[in-house]
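Undergrad: Got a sequence here, can you model it:
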Amino acid sequence: MLLNRRALLIPVIAVSLSGCGVNSIPTAKIAAQTRWADVQNEYQRRADLVPNLVATVQGYAKQEKSVLVGVTEARAKATSIQMTQADLSDPDKVAKYQAAQGQLSQALGRLLSVQENYPDLKSDTNFLALQSQLEGTENRITIARRDYNDAVQQYNTLISTFPALIGAKLIYSSQPMQPFTATTPGADTAPKVDFGK
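TA: This next block holds a predicted model:
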């Protein structure tokens, strides 16, 4: 009789634990960490591309040296801040990383505006090819950040809702991950396009 009760207790415990997120919590966390690796990969791609873009533009826009120096310095700062997967729960570290990447995005925007000021750059095929790659990279970064935020939202929802909440607190001591947020002031307002100037 005691043996039969133990035999019945094992499946009940297994079903109870599966309802508490024993498998789904680490799966969701790994998915979010993988999306974070994708974000870092896209930032690395951009960091590798920037020196080539700067070298090409330097030959054609010597008068915009301060813009190029700004891009180089912003790139150095952006690549000097390292994030580990453990840092994803630290809002300060995520904010510092985002701020450095935002500064590089702003510097690259100033660099791309050089094209508007100097018509001879518009005809340079190297500049256009690198500009196209850079724009594509920025789009890839946006997609990677969106995918990361989706994975973080799924993970944070999972560890905050019943029944996985039980496993998240008791078994894994799970902490919410930090999503990416806008770092540029006014990023929530659409830019005004005015060709009259």
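Undergrad: C-alpha only now, for contacts and for neighbours.
TA: Fine.
Undergrad: tell me the SS of residue 181?
TA: At residue 181 the chain is in coil, as set by DSSP: H, G, I helix; E, B strand; the rest coil.
Undergrad: Got phi/psi on it?
TA: The phi/psi pair for residue 181 (degrees, to the nearest 10) reads phi -130, psi 160.
Undergrad: and if you look at residue 82?
TA: Here residue 82 shows phi and psi, under degrees, to the nearest 10, equal to phi -110, psi 140.
Undergrad: got the buried residues for stretch 82-94?
TA: 88, 93, 94 (16 or more other C-alpha atoms under 10 Å).
Undergrad: where does the closest residue to the last one other than its chain neighbours land on pLDDT?
TA: Closest residue to residue 94 in three dimensions, ignoring its sequence neighbours and counting by C-alpha to C-alpha, 6 or more residues apart in numbering: residue 88, at 6.4 Å. Per-residue confidence (pLDDT) for residue 88: 89.
Undergrad: Can you give me every residue that contacts residue 88?
TA: 94, 177, 178 (C-alpha atoms under 8 Å, 6 or more residues apart in numbering).
Undergrad: and the last one, how far is that from residue 86?
TA: It refers to residue 178. Residue 178 sits 11 Å away from residue 86, going by C-alpha to C-alpha, to the nearest Å.
Undergrad: After the lowest-mean-pLDDT helix or strand in the chain, heading C-terminal, what element do we hit next?
TA: Sorting the helices and strands of the chain by mean pLDDT, DSSP states H and E puts helix 119-122 at the bottom, at a mean of 53. With elements assigned by DSSP states H and E, the helix or strand that comes after helix 119-122 is helix 125-160.
Undergrad: what's whatever helix or strand comes next after that following helix packed up against?
TA: Using DSSP H and E, the helix or strand that follows helix 125-160 in sequence is helix 164-167. The contact analysis (3 or more C-alpha pairs under 8 Å, 6 or more residues apart in numbering; DSSP states H and E) places helix 164-167 against helix 125-160.
Undergrad: So which bits of the helix it packs on are buried?
TA: So, applying 16+ other C-alpha under 10 Å, buried residues of helix 125-160: 127, 130-131, 133-134, 137-138, 140-141, 144-156, 158-160.
Undergrad: Repeat that for stretch 34-43.
TA: Buried residues in stretch 34-43 (16+ other C-alpha under 10 Å): 34, 35, 36, 37, 38, 39, 40, 42, 43.
Undergrad: Next step: those restricted to strands.
TA: When DSSP state E is applied, the buried residues of stretch 34-43 are split such that none fall in strands.
Undergrad: Could you dump those residues into JSON lines and include distance to residue 22?
TA: Below are those laid out as JSON lines (distance: C-alpha to C-alpha, whole Å):
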{"residue": "34", "distance to residue 22": "19"}
{"residue": "35", "distance to residue 22": "21"}
{"residue": "36", "distance to residue 22": "22"}
{"residue": "37", "distance to residue 22": "24"}
{"residue": "38", "distance to residue 22": "25"}
{"residue": "39", "distance to residue 22": "27"}
{"residue": "40", "distance to residue 22": "28"}
{"residue": "42", "distance to residue 22": "32"}
{"residue": "43", "distance to residue 22": "33"}
